[in-house]
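Asks: with the sequence up front, the predicted model follows.
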Amino acid sequence: MAESFDMIAKTFFGLEGTLAEELLSLGAQNVQLGRRMVSFRGDMRLMMWANICCRTAVRILKPIATFSADDERALYRGIGLIDWLEHLDAERSLAIDPVVHGPVFSNSLYAAQLAKDAVVDQIRDRTGRRPSVDLVDPDLRINLHIDQNRVTVYLDSSGESLHKRGYRAATGEAPINEVLAAGILRLTEWDENSPLVDFMCGSGTFLIEAALMARRIAPGLARKHFGYERWKDFDRRAHESLVAEARQQVRSKLAFPIRGSDLDPQVIAAARENGRRAGVADDVQFGVESFEVALPPAADGVLVTNPPYDERMKTSRIESVYRRIGDALKHNWAGYTAFIFTGNLNAGKQIGLRSSAKTRLFNGPIECRLLKFALFALMPRDATESHGRRAVVKKKHEGRGQEQADAFRNRLARMAKHWHRWARRQGITCYRIYDRDAPEIPLAIDWYEGRVAIIEYDRPHNRTDIEHRAWLDRMVELVSNTLSVRREHVTLKTKGTGVFSGKDSRPLFVQEAGLRYHAHLAAKETGLAVDQRILRALLRAEATDKRFLNLFARTGTHTVAAAAGGTGSTISVEASPNLADWAKKNLRLNRLPMAQHQVICQDPLVYSGNLDPAAGPQFDLAFVEPPSFDGKRRDDVWNVQDGHVELLNRLVACLSVGGKIYFVSRFRRLTFHADQIRGASVREITRQTVPPDFRNKKVHRSWVLIRTPTDQPG
Ligand SMILES: C[S@@+](CC[C@H](N)C(=O)[O-])C[C@H]1O[C@@H](n2cnc3c(N)ncnc32)[C@H](O)[C@@H]1O
């Protein structure tokens with residue numbers, strides 16, 4: 001009879017009972033539950049069989065030594081007492097996975113290092129050669145478990161974690177671990193013989209695991225290898241006969257539907273590919289649709305899903321998504337038992353249905369719940385009725401979005417007509433045609449001579465990320481159709497995420513008041529801030545024979561305008577080499593002599609800090625637009641609120657009497673300390689400089705400072 005030994009199988013918190021049942025069904029003896037693990041007894045054959053068949057084990061470990069160690073030397077000595085040549089040749093590689101509890105060894109990596117030294121030193125002393133360390137794909141994976149002063153050394157018979165079934169080629173955003181998915185399916189008590197649905201299925205893990213279970217396909221069959229295959233006592237014939245036995249158990253074709261859907265077409269493509277690789281492509285049907293329109297494939301069955309529970313999602317948004325899930329369950333899934341797996345315990349309460357069971361689980365460090373909802377059928381449904389309902393549900397769902405889209409289309413068409421006509425009369429070719437006019441469509445839409453830049457502003461909404469992406473796509477499509485602009489000429493910039501879509505990367509030359517500018521709609525700065533049209537005109541009108549300074553010059557459009565007004569000379573100071581180059585290109589494009597127009601690539605604060613008031617007036621006209629900060633202030637970074645007074649006092653001191661500084665900020669909550677500016681009269685002129693096409697009358701704020709003859713500047 002083959003020799004029996006003790007082993008442990010590791011798993012997720014909450015799945016210990018499920019794993020114990022699995023091990024018992026595989027023939028394990030002396031099965032006992034622990035925390036995140038189950039201990040059991042069996043022989044080598046059982047160890048291999050458990051690796052091939054266990055769906056809810058993460059790894060199977062075989063203990064080879066236990067001893068006490070109160071300090072590092074005792075640990076090194078204890079490991080050194082194991083006969084390592086029995087397990088590992090000197091030419092082979094090893095890795096040590098440490099798990100350390102208690103204060104005796106506080107640093108698990110150090111404990112692993114010591115253990116590794118003990119193994120390597122022993123083999124080198126005995127053979128003159130030393131095994132190497134390979135953390136990724138070692139020949140022998142050793143698990144070092146230290147609880148207080150109790151040390152147990154295991155050989156890891158699985159090698160790579162058993163959740164790596166070998167079928168996952170592609171994933172969605174947050175795929176659930178395969179072992180956890182299989183365990184959850186077991187907890188649902190799904191009978192492996194009735195309809196199963198996941199209406200937010202992502203890369204399809206629940207459904208692929210379910211199909212594997214129902215068809216009795218052992219999870220290890222698609223795996224390339226297990227750790228024990230490189231053990232010195234590996235019995236290849238026994239392993240091959242077990243694999244053959246597992247293959248024989250596979251059942252053909254399922255007689256009931258397993259169905260998954262998700263709104264994201266990319267994750268559905270990934271799910272299909274995973275299903276194909278797992279050998280269950282014909283058993284699971286995947287489709288792209290919102291959970292709100294998904295309907296049951298049969299009168300009763302089980303629905304299991306894990307909705308998004310991303311910590312980044314705002315509470316109000318996630319709660320509203322869960323409320324909508326509750327509504328969908330109530331209205332469309334009567335007759336089903338639904339299981340929602342979530343790591344957001346509060347959001348789970350928003351489902352608004354009484355859960356008949358709650359199971360506590362952990363997904364890594366995240367505490368989760370598996371919520372069960374029995375959705376009682378009011379009356380039996382037949383297939384034709386379900387077909388009819390699908391049309392009704394879809395229509396209702398699409399109807400809601402359609403109403404909003406129609407309202408936006410009409411409004412946009414109206415606004416575009418109005419502003420196009422206005423712009424034609426004014427001879428303006430770049431302007432805003434929509435400025436967050438409807439609060440539920442928080443977009444700004446700028447027209448650049450037949451091309452369009454859409455800017456999305458942050459506003460609370462109740463969409464999941466993928467719903468929001470789909471919504472933005474729909475808006476872009478709608479803008480393109482309504483304004484009759486080809487889709488590739490519409491660029492979308494999202495403020496919150498900074499993600500850009502629409503790669504209109506072709507060079508674009510636009511004009512304003514007879515001057516030409518390089519624009520780039522897909523870049524962070526388009527190159528021509530259309531809200532500053534009036535400011536540029538003011539500078540141009542006042543520039544004759546002036547010495548002009550443009551501090552924080554960006555793409556130099558204000559310099560070009562001033563230069564066109566006949567400045568004597570200009571200096572543009574910009575920290576970004578890219579933008580400084582862009583400014584030079586704009587000057588050249590307008591054939592302005594570079595000898596007169598200097599572009600300095602330097603931190604404008606350093607530049608202004610080096611200006612010497614004692615050297616007398618150096619400028620007659622200046623344009624200053626420091627960057628605004630987004631929300632968080634940092635003590636170590638200059639910000640316009642704390643820094644504007646000092647900056648402006650320095651500039652005023654270098655300004656000729658009667659000279660002007662136009663100061664602009666996009667920080668709308670700026671408290672401008674006019675009373676602290678010395679030697680200049682100050683006036684806010686925001687109302688005069690924000691053009692009429694901007695509904696947001698504080699898109700920028702502006703002040704003019706005029707150097708007074710009498711006061712002594714600071
Ligand atoms: C946590 S993931 C699910 C991961 C999945 N269990 C897996 O193993 O890959 C949540 C999924 O919900 C999807 N989703 C978000 N909003 C949706 C909607 N309205 N309808 C359907 N699916 C949606 C997302 O695309 C994402 O794939």
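Replies: Looks like it came in fine. Numbering: from 1, shown residues only.
Asks: dump the C-alpha coordinates for the helix or strand where Leu144 lies into CSV.
Replies: Under the criterion of DSSP states H and E, Leu144 resides in strand 140-147. C-alpha atoms of strand 140-147 as CSV (Å, rounded to 0.1, in the frame of the first residue of the first chain):
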residue,chain,number,x,y,z
LEU,A,140,11.4,23.3,-6.2
ARG,A,141,9.1,25.7,-4.4
ILE,A,142,9.5,25.6,-0.6
ASN,A,143,6.9,27.0,1.7
LEU,A,144,8.2,28.3,5.0
HIS,A,145,5.5,28.7,7.6
ILE,A,146,6.4,30.3,10.9
ASP,A,147,3.8,30.7,13.6
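Asks: could I get the buried residue list for whichever helix or strand comes after it?
Replies: Using DSSP H and E, the helix or strand that follows strand 140-147 in sequence is strand 150-156. For strand 150-156, the neighbour count (16 or more other Cβ atoms under 10 Å) marks 151-156 as buried. Where C-beta positions appear, they are placed from N, C-alpha and C, glycine not excepted.
Asks: mind putting those in TSV, pLDDT included?
Replies: What follows is the buried residues of strand 150-156, written out as TSV (pLDDT from 0 to 100):
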residue	pLDDT
Val151	96
Thr152	97
Val153	98
Tyr154	98
Leu155	98
Asp156	98
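Asks: between those, which is nearest the ligand?
Replies: Lowest distance from the ligand to the buried residues of strand 150-156 (Cβ to the nearest ligand atom) belongs to Asp156, with 25.5 Å.
Asks: which residues does that closest one form beta bridges with?
Replies: Leu61 (DSSP bridges).
Asks: touching, it and Ile142? I think so.
Replies: Yes. If you go by Cβ atoms under 8 Å, Asp156 and Ile142 touch, sitting 6.9 Å apart.
Asks: mind listing the shared neighbours of the two?
Replies: Asp97 (Cβ atoms under 8 Å, 6 or more residues apart in numbering).
Asks: strand partners of the strand holding Leu144, parallel vs antiparallel please.
Replies: Strand 140-147 has these strand partners (DSSP bridges): strand 93-101 (parallel), strand 150-156 (antiparallel).
Asks: ok, which of those comes nearest Leu85?
Replies: When the strands paired with strand 140-147 are compared by Cβ to Cβ, strand 93-101 sits nearest Leu85, at 12.5 Å.
Asks: tell me how far the next helix or strand after that closest one is from the chain's mean position?
Replies: Once strand 93-101 ends, the next helix or strand along the chain (criterion: DSSP H and E) is helix 108-127. Distance of helix 108-127 from the chain centroid (Cα atoms, centre = their mean, to the nearest Å) equals 41 Å.
Asks: for helix 108-127, packing partners?
Replies: Secondary-structure packing of helix 108-127 (3 or more Cβ pairs under 8 Å, 6 or more residues apart in numbering; DSSP states H and E): helix 72-80, strand 93-101, strand 140-147.
Asks: can you name the helix or strand that Phe376 falls in?
Replies: With DSSP H and E as the test, Phe376 turns up in no helix or strand.
Asks: that one - nearest residue in space that isn't next to it in sequence?
Replies: Ala334 (6.4 Å; Cβ to Cβ, 6 or more residues apart in numbering).
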